[in-house]
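Student: build the 3D model from these lines:
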Amino acid sequence: MGEIIFKTNLIKGAKGDAGAPNDLVANEYNSTVEYNAGDFCIHEDALYKCIATTTGNFDATKWGATTAVGEIKAVEGAINYNTSNEPADITSRLANLPTAIAQQNLEKYGYKIGDYFNGTNYRYWLGHLDYNYGGYDYYAVLGTHNIGLVVDTKSNSQWNTSNDTSSGYEGSALHTYLKGAVLDNIKADLNALFGSWSDHLIAETKLFAAIGNWGWSSSPEYISALTEVNMYGCPIWSADSFQQGEADQQLEIFRKYKYNRIFGNNNIWLRSIRSASAACLADRGGLAASDGASYSLRAAGLIIFH
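Tutor: So this is what the prediction gives:
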């Protein structure tokens, strides 16, 4: 039996370098050669793939029958799976995003939760379809399908310059920073990418987090910091265990990816408060934590886009 060569760039060669996309070269089985898992051979006119290290006489328990087409399809399937589950940069193809949100069908237009787009100032992650839809609060746009965009500001901020959270999130430096400089930069990004920020940014009320004083804020907000519930699906360190509801729910993106997959090697300030002098944070190692409010950590926010 002569040498059989299957031309493909998808399967590693029988003796190729690990991970290198070489041609699959399958030779007649040679009892003097040591074969390792993943190697190929021809035996009695059939193609086999080694499943355990072997040498000597052909041992059928160390080989699995296969075909070149089957191997190609397996590799293609793995590639497609990895591609479909990895975040994708959609900055150059945003034209259909509002339509996809309105129809609640991201996949139809080539998007998925976890994809992102870049503005001049910030990165925006597709975080959660219909994050606030059909709500009961009169400040919300009740009948508009929407998506929660997680905003990575790529910059740091203090929670409160006085190292005191007793005034709650609304009185903190983090809140002032997000509603001031960050919101202005978001509007500039949305104007550049979509033509008009006011056509896409939904004003809504958010649950405020003040020690011993909680409820719904009476003033509409366009952006807020993320909460423990947004990140983990439940309060962990925060004193405000009541922080649950339609506008304070775990974002789908953080069910799909750990938040440090999104933010990298950075600690993220959260809106949740642990005590009068400590605010909650999402630790860069993937752990829920808290720290003194005067520390300067990475700021991130949530906006509702439609």
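Student: what about Asn260, which SS state?
Tutor: Secondary structure, DSSP: H, G, I helix; E, B strand; the rest coil: Asn260 is helix.
Student: now swap in Ala300 and tell me
Tutor: strand.
Student: for Asn36, see how far away it is.
Tutor: Distance, Ala300 to Asn36, by C-beta to C-beta, to the nearest Å: 46 Å. From N, CA and C alone the C-beta is placed, and that goes for glycine too.
Student: quick one, what contacts Tyr122?
Tutor: Tyr122 makes contact with 151-154, 182, 185-186, 189, according to C-beta atoms under 8 Å, 6 or more residues apart in numbering.
Student: in the protein, which ranges drop under the pLDDT threshold?
Tutor: Applying pLDDT under 70 to the chain picks out residues 1-25, 77-84, 134-143, 204-220, 240-247.
Student: centroid-nearest residue for it?
Tutor: Central residue of the chain (C-alpha atoms, centre = their mean): Gly114, 4.0 Å from the mean position.
Student: nearest residue to it in space, please, no chain neighbours.
Tutor: Distance criterion C-beta to C-beta, 6 or more residues apart in numbering; nearest residue to Gly114, sequence neighbours excluded, is Pro87 at 4.7 Å.
Student: got it, and Ala282?
Tutor: Using C-beta to C-beta, 6+ apart and skipping the chain neighbours, the partner closest in space to Ala282 is Ile268 (4.2 Å).
Student: who's the one you found bridged to?
Tutor: Ala282, Arg298 (DSSP bridges).
Student: neighbours of it, just the number please.
Tutor: Ile268 is flanked by 22 other residues according to other C-beta atoms under 10 Å.
Student: hmm, Glu228 and it touching each other?
Tutor: No: using C-beta atoms under 8 Å as the test, Ile268 is too far from Glu228 to be in contact (11.1 Å).
Student: so how far is Glu86 from Arg261?
Tutor: Relative to Glu86, Arg261 is positioned 10 Å away (C-beta to C-beta).
Student: equivalent analysis for Gly264, please.
Tutor: Distance from Gly264 to Glu86, by C-beta to C-beta: 15 Å.
Student: tell me where this protein has helices.
Tutor: Under the criterion DSSP state H, the chain carries helices at the ranges 68-85, 97-102, 173-177, 183-194, 228-232, 252-256, 259-263.
Student: now the second one: how far from the chain's centre is it?
Tutor: Spelled out, it's helix 97-102. Distance of helix 97-102 from the chain centroid (C-alpha atoms, centre = their mean, to the nearest Å) equals 19 Å.
Student: who touches it?
Tutor: Helix 97-102 is contacted from outside by 90, 106, 108-109, 111, 129, 145-147, 194, 200, 305-306, using C-beta under 8 Å, 6+ apart.
Student: Serialize those to TSV and add fields for neighbour count.
Tutor: Output for those, formatted as TSV (neighbours: other C-beta atoms under 10 Å):
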residue	neighbour count
Ile90	20
Leu106	19
Lys108	11
Tyr109	16
Tyr111	21
Leu129	17
His145	16
Asn146	24
Ile147	27
Phe194	16
His200	21
Phe305	21
His306	17
